[in-house]
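Colleague: got a structure for you, letters missing:
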């Protein structure tokens, strides 16, 4: 049964009360609020002024956590929590417990009634739905916060993460793959199209498999690389990266190189970047977004050697080179 304590706030607005209790009829709202004021659960915040309706209500109300209610909550925590639950946080934050009580009870019921199911590993969303009836409660809701408050972790629920799988295409399925990670979708599709036509050498590099990086998404996707790809893609011979020549694209590469150095020997697709710089000569380039983080390292520019100075000049002029400057015609000329 819903109570004003479930809102988990010291002061609530009249709108919050109406929305939480799903009240459309104003007379019913008046009756509810006045009843709660008489019971001592709510008190008017007179400085918030009245709402101008008849009969009037105040725009804000203070939630009164009476001592008996707090005492009951303490007893509930001390006697209802399983031994492996940390009690300290909620004993010190009883109002927060009042707000989280229903979700915590769902977890307690699950543990007591069907604990044997923890022996079976499930995805985060599967376990979340089984416990709370909400598939996103652990991932996007308040679930992980509640677990931390109880001194628990996702590992205690025996779940596995399900990162977004990346899109890849292979023109051959042998081992010792030469892999190219491509930041943008159009370039990925162009090279795939040429691969389907039988081309395998691009700008001087033989490529067996292309992975669609989808911007920053590749940084997380590679965490589960071995669980996403087929066996022949394990332990590739080489991994090249190719993206836009802008602060964001460079940062993605430098973070990938630093984060996955133990798993892959990631290098830039030097010939592709050189081609981009050459094609940009004497062209009006688009301007990069001022919101981009400009704190790049020296890794990319060092690997570009003599071309680093030209790239810095483009940045100083406020421009960038999109990957799409190397189009179908340029890539297909290899043959």
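Modeller: Received the coordinates, thanks. What you see is a predicted model; the values in this text were computed from it and never measured. Numbers count the residues shown, from 1 in each chain.
Colleague: would you mind measuring from the closest residue to residue 144 other than its chain neighbours to residue 18?
Modeller: Nearest in space to residue 144, with sequence neighbours left out and distances taken as C-beta to C-beta, 6 or more residues apart in numbering, is residue 138 at 6.1 Å. To be clear about C-beta, it is placed using only N, CA and C from the backbone, and glycine gets the same treatment. Taking C-beta to C-beta, to the nearest Å as the measure, residue 138 falls 30 Å from residue 18.
Colleague: who's more crowded, these two?
Modeller: The neighbour comparison of residue 138 against residue 18 (other C-beta atoms under 10 Å) goes to residue 138, with 24 against 17.
Colleague: that one: what's it in contact with?
Modeller: Residue 138 makes contact with 124, 125, 127, 128, 132, 144, 147, 154, 157, 159 under the criterion C-beta atoms under 8 Å, 6 or more residues apart in numbering.
Colleague: please redo it, this time with the cut-off set to 10 Å
Modeller: The contact partners of residue 138, taken as C-beta atoms under 10 Å, 6 or more residues apart in numbering, are 123-129, 131-132, 144, 146-147, 154, 157, 159.
Colleague: does it sit in a helix, a strand or a coil?
Modeller: Put simply, residue 138 is coil when judged by DSSP: H, G, I helix; E, B strand; the rest coil.
Colleague: next one: it from residue 156, what distance?
Modeller: With the distance defined as C-beta to C-beta, residue 138 ends up 12 Å from residue 156.
Colleague: which residues are in contact with each of the two?
Modeller: Contact with both residue 138 and residue 156 is made by residues residue 147, according to C-beta under 10 Å, 6+ apart.
Colleague: residue ranges with poor pLDDT in the chain?
Modeller: Where the chain drops to pLDDT under 70, the residues are 1, 65-69, 115, 163, 333-335.
Colleague: outline the domain layout of it.
Modeller: Domains of the chain are assigned by automatic domain parsing as 4-63, 67-160, 167-332.
Colleague: quick one: terminal-to-terminal distance for the last one?
Modeller: Just to be clear, that refers to domain 167-332. Domain 167-332 has an end-to-end distance of 22 Å (C-alpha to C-alpha, to the nearest Å).
Colleague: chain center to that domain, what's the gap?
Modeller: Relative to the centre of its chain, domain 167-332 is centred 23 Å away, using C-alpha atoms, centre = their mean, to the nearest Å.
Colleague: what packs against the longest helix along the chain?
Modeller: Longest helix in the chain, counting residues (DSSP state H): helix 94-113. Here helix 94-113 touches helix 67-80, helix 88-92, helix 124-132, helix 143-149, going by 3 or more C-beta pairs under 10 Å, 6 or more residues apart in numbering; DSSP states H and E.
Colleague: what are the buried residues along it?
Modeller: Neighbour-count burial for helix 94-113, with 16 or more other C-beta atoms under 10 Å as criterion, is recorded at 94-95, 97-101, 103-104, 106-107, 110-111.
Colleague: need those residues in a markdown table (columns: distance to residue 238).
Modeller: A markdown table is the format used below for the buried residues of helix 94-113 (distance: C-beta to C-beta, whole Å):
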| residue | distance to residue 238 |
| --- | --- |
| 94 | 58 |
| 95 | 57 |
| 97 | 55 |
| 98 | 57 |
| 99 | 53 |
| 100 | 50 |
| 101 | 55 |
| 103 | 48 |
| 104 | 51 |
| 106 | 49 |
| 107 | 47 |
| 110 | 48 |
| 111 | 49 |
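Colleague: which residues in the stretch 201-335 of the chain form helices?
Modeller: Counting by DSSP state H, counting those that start in this stretch, the segments of the stretch 201-335 of the chain that form helices are 217-221, 225-228, 247-259, 270-280, 299-304, 308-316, 328-332.
Colleague: the ones you listed: which one's closest to residue 287?
Modeller: Closest of the helices of the stretch 201-335 of the chain to residue 287 is helix 308-316, at 10.6 Å (criterion: C-beta to C-beta).
Colleague: check what contacts that closest one and list those residues.
Modeller: In contact with helix 308-316 (C-beta under 10 Å, 6+ apart) are residues 245-247, 250, 273-274, 276-278, 280-281, 285, 288, 294, 296, 298, 300-302, 304, 319-321.
Colleague: buried among the residues you listed? Need that as a selection in ChimeraX.
Modeller: Provided next is the ChimeraX selection string for whichever of these are buried by 16+ other C-beta under 10 Å:
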select :245,246,247,250,273,274,276,277,280,288,296,300,301,304,319,320,321
